[in-house]
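Asks: coordinates only, no sequence provided:
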């Protein structure tokens, strides 16, 4: 997966959709600006979130930030590797996703940005 294969929220999360499931992570821009990531607070499997809700958090040596869910959905998996190795997101933010969800409202995908629109906001 690359930056061109995903959609973006203006809050620097990416989402890759396949059918009604989606994988979510943070953009390389966000990972770079956070600096060395040292901790993730991951959501619980089964938790439901509405588009724009804070559903996870990340801490780096510089700061702590909320991670917002790009579309409404139910968490179906989390990347447990990030508990012991949060720095993996610094190495490759597209390969090292945060959570997978089942999308509740596919129409919300229309509110997200393609790579060109996202990069224009940076």
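Replies: Looks like it came in fine. Because the structure is a prediction, the values reported are computed rather than measured. Numbering: from 1, shown residues only.

Asks: beta partners of the spatially most central residue of the chain?
Replies: The centre of the chain sits closest to residue 25, judged by CA atoms, centre = their mean, with a distance of 2.6 Å. On the basis of DSSP bridges, residue 25 takes part in beta bridges with residue 14.

Asks: show me what contacts it?
Replies: When the contact criterion is CB atoms under 8 Å, 6 or more residues apart in numbering, the partners of residue 25 are 13-14, 89, 93-94, 96-98. In short, each C-beta sits where N, CA and C put it, glycine included.

Asks: residue 53 too?
Replies: Going by CB under 8 Å, 6+ apart, residue 53 touches 68-69.

Asks: show me the helices in this structure, by range?
Replies: 28-34, 81-84, 88-91, 115-121 (DSSP state H).

Asks: which one of those lies nearest to residue 55?
Replies: Of all these, it is helix 81-84 that lies closest to residue 55, at 13.8 Å by CB to CB.

Asks: what's the closest one packed up against?
Replies: Packing partners of helix 81-84 (3 or more CB pairs under 8 Å, 6 or more residues apart in numbering; DSSP states H and E): helix 88-91.
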